[in-house]
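> Pasting the sequence and the predicted coordinates here, then a few questions.
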Amino acid sequence: MVVPRPGEREAILEYLSRSGVTADQILDFEVSDEGLVVAVD
């Protein structure tokens, strides 16, 4: 698992919120070789 760099987590959460996913729906996410993987409730 790749740990997001400082500030990257906020950028990812902002991107997801623009896609209609709120922060409290996100269970976990990781950045892998295949891209962004998000687990939502």
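Received it, and whenever you're ready, just let me know what you need.
> For stretch 16-29, which outside residues touch it?
Contacts of stretch 16-29 with the rest of the structure, by C-beta atoms under 8 Å, 6 or more residues apart in numbering, involve 12, 13, 36, 37, 38, 39, 40, 41. Every C-beta, even on glycine, is put in place using the N, C-alpha and C of the backbone.
> export that stretch as CSV, just CAs?
C-alpha atoms of stretch 16-29 as CSV (Å, rounded to 0.1, in the frame of the first residue of the first chain):
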residue,chain,number,x,y,z
LEU,A,16,-14.4,12.2,-4.0
SER,A,17,-16.8,14.8,-2.6
ARG,A,18,-17.1,16.4,-6.1
SER,A,19,-18.0,12.9,-7.3
GLY,A,20,-20.9,12.7,-4.8
VAL,A,21,-19.2,10.7,-2.1
THR,A,22,-19.2,12.4,1.3
ALA,A,23,-16.3,11.9,3.8
ASP,A,24,-18.5,10.0,6.2
GLN,A,25,-19.4,7.4,3.5
ILE,A,26,-15.7,6.6,3.0
LEU,A,27,-14.6,3.6,5.0
ASP,A,28,-11.0,3.5,3.7
PHE,A,29,-9.0,4.2,0.7
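> Would you check how far apart the residue nearest to residue 41 when sequence neighbours are not counted and residue 33 are?
Of all residues not flanking residue 41 in the chain, residue 25 sits nearest, at 5.1 Å (C-beta to C-beta, 6 or more residues apart in numbering). The gap separating residue 25 from residue 33 is 25 Å, by C-beta to C-beta, to the nearest Å.
> Looking at those two, which one has more neighbours?
Counted by other C-beta atoms under 10 Å, residue 25 and residue 33 do not tie: residue 25 has more neighbours, with 13 against 5.
> Could you pull up phi and psi at the more buried one?
phi -90, psi -20 (degrees, to the nearest 10).
> Do a quick rundown of the helices in the protein.
Counting by DSSP state H, the segments of the chain that form helices are 8-18.
> Name the spans of it whose pLDDT lies under the cut-off.
1-4 (pLDDT under 70).
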